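Colleague: need a structure here:
(one chain, ligands or ions: 2)
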Amino acid sequence: SLSDRLEITFKKLKGQGKLSEQNIKDALREVRIALLEADVNLNVTKAFIRRVQEKAIGVEVLKSLTPGQQVIKIVHDELVAVMGAANESLNLANQPPVVVMMAGLQGSGKTTSTAKLAKRLIDKERKKCLLASLDVYRPAAMKQLQTVGEQVGATVLPTEPTENPREIAKRALEEAKKGGFDVLFLDTAGRLHIDEALMSELADVAALVNPHEILFVADAMTGQDAVSVAKNFDDRLNITGVLLSKTDGDARGGAALSIREVTGKPIKFLGTGEKLDGLEPFHPDRVASRILGMGDVVSLVETAMEKVDLEETFKLQEKLANKKGFTLEDFLTQMQQVQKMGSISDLVGMIPGAKQAMKGKELDVDDKQIKRLEAIILSMTKKERQKHALINASRKRRIAAGSGTSVQEVNKLLKQFVQTQTMMKKLGGMGGLGKMMKGMK
Ligand code: GDP
Ligand code: MG
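Modeller: Residues are numbered from 1 along each chain as shown. Ligands and ions are numbered 1, 2, ... in the order given. Alright, predicted model coming up:
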């Protein structure tokens, strides 16, 4: 990860009190590569690097930090600053009905996201939502909104493909007023590319109903392309925010940074899955961490807190924070928790450095495999579990026989354990989950 690379770049600099122009330059070369790898737009990357450079020169290296960590901190803070300091949600502080217009290319996720947003407002804020499809070009799109809208408990305005989208918008607003709705969502049509006819249609609709929010929906998977499209929509419609969809397929976060930098408009939500609960408020600090390759520690903690025995997790993290060392017993506990939390690959994406550390086949541990790992670890003596270095060839043979597995499998488990141990050490060094969880308890 970038954090690792910067640590290496700065290893030789230990003991120097200030960040010099040359060592910042070296570090920023790594930052630049990381940003581009995260699919951040080239111009955006350049401008960003320039700003960090200005901020970093001459900065005192704090006693508690290495120069690498210090630069990471500056880069992290700048990323957060660019993306907006806090999460901004929908602006609902208006006379109802609040009108939210969804805009974006075809397939970007407008219809799905409309239902997701409505679901959120209905479930969390008891809002009465009316949805209307202005997509008269694809009859299936109207049907789609009806289906997902009904699934989340919203009212969907009946519309016909023969109607003019401008007329539908006006009618929808009247219905929303008459029906006492809190929020009206207008799900608009998209095209595969920016197209003048569509843009003027959308501009007309916006002029007619004067939406409080115009959310641009961008597909995170399209990376670079999303940037110019976003600029186009913003120039034409003066969008109020961005919903970045399909971030479950691209966890690098580069599109978020680029779109924010180019439009200056806040990213308000992330689409995180096909299902209608796959929506999260955008947290700039989390995406910044992701871009830096530090993993999404906060999300990890939240997932852990939701699904796992809190006490158990807490004890484990506490242990790591205290650096008493991560033993095979902890490894087993962790595996059992991971099993409860969902797929390992999901989780690994959220753990700092874990992707590289655990790259490859070892990752696809399914339930059956976890049972085998459990058998192996339970066949070890207590001493062996606490000090894996004790496990020599003859002990391996004994453990394999006892657990009904093979020496190769025992070896594989030990290798996995050592990799995880290394990773957990890093995690502990970052301040640790234990500390965070304490704050959240
Ligand atoms: P629209 O043409 O802009 O209305 O896009 P749709 O809402 O019809 O979505 C297009 C496709 O993207 C559908 O197959 C959705 O299920 C899918 N989709 C939308 N949002 C997400 C998301 O956040 N994650 C994933 N994995 N798929 C999504
Ligand atoms: Mg649609």
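Colleague: Check the secondary structure at Glu174 for me.
Modeller: Classification of Glu174 using DSSP: H, G, I helix; E, B strand; the rest coil returns helix.
Colleague: got the contact list for it?
Modeller: Contact criterion C-beta atoms under 8 Å, 6 or more residues apart in numbering gives no residues in contact with Glu174. C-betas here are computed from N, CA, C, even on glycine.
Colleague: Distance of it relative to Met102?
Modeller: 19 Å (C-beta to C-beta, to the nearest Å).
Colleague: And Arg236, by the same measure?
Modeller: For Arg236, the distance to Met102 - C-beta to C-beta - is 15 Å.
Colleague: ok, those two, which is more surrounded?
Modeller: Met102 (25 against 17; other C-beta atoms under 10 Å).
Colleague: give the contact list for the more buried one.
Modeller: Lys110, Ser113, Thr114, Phe185, Leu186, Asp187, Thr188, Leu215, Val217, Leu243.
Colleague: Can you tell me the element it falls in?
Modeller: When elements are assigned from DSSP states H and E, Met102 belongs to strand 98-103.
Colleague: so what strands line up beside that strand?
Modeller: strand 183-187 (parallel), strand 213-219 (parallel) (DSSP bridges).
Colleague: Quick one: end-to-end length of stretch 59-73, please.
Modeller: 12 Å (C-alpha to C-alpha, to the nearest Å).
Colleague: between the contacts of Met102, which has the most around it?
Modeller: Going by other C-beta under 10 Å, Phe185 tops those with 34 neighbours.
Colleague: what's stretch 148-167 in contact with?
Modeller: 111-112, 114-116, 118-119, 122, 128-137, 139, 142, 145-146, 168, 171-172, 175, 179, 181, 185, 188-189, 201, 204-205, 208, 276.
Colleague: which residues does the closest residue to ligand 1 within the stretch 151-300 of the chain bridge with?
Modeller: For the stretch 151-300 of the chain, the residue closest to ligand 1 is Gly271, as judged by C-beta to the nearest ligand atom, at 2.6 Å. Beta-bridge partners of Gly271, counted by DSSP bridges, are Leu279.
Colleague: per-residue pLDDT, it?
Modeller: Listed pLDDT for Gly271 reads 94.
Colleague: OK, contacts around it?
Modeller: Here Gly271 is in contact with 109, 112-113, 116, 220, 243-248, 278-279 (C-beta under 8 Å, 6+ apart).
Colleague: Swap in 7 Å and give it another go.
Modeller: Applying C-beta atoms under 7 Å, 6 or more residues apart in numbering, one finds that Gly271 lies in contact with Gly109, Ser113, Lys116, Leu243, Leu244, Ser245, Lys246, Thr247, Gly278, Leu279.
Colleague: can you check Arg32 too?
Modeller: So Arg32 contacts Thr45, Ile49 (C-beta under 7 Å, 6+ apart).
Colleague: Check the secondary structure at it for me.
Modeller: helix.
Colleague: where's it relative to Ile24, distance?
Modeller: 12 Å.
Colleague: now do Ile122
Modeller: 50 Å.
Colleague: What of Arg395?
Modeller: Noted for Arg395: a distance of 50 Å to Ile24, by C-beta to C-beta.
Colleague: So between the two, which is more surrounded?
Modeller: Ile24 (23 against 14).
Colleague: Buried residues, the host helix or strand of the more buried one. List them.
Modeller: Using DSSP H and E, Ile24 sits in helix 21-37. Across helix 21-37, burial judged by 16 or more other C-beta atoms under 10 Å covers Asn23, Ile24, Ala27, Leu28, Glu30, Val31, Arg32, Ala34, Leu35.
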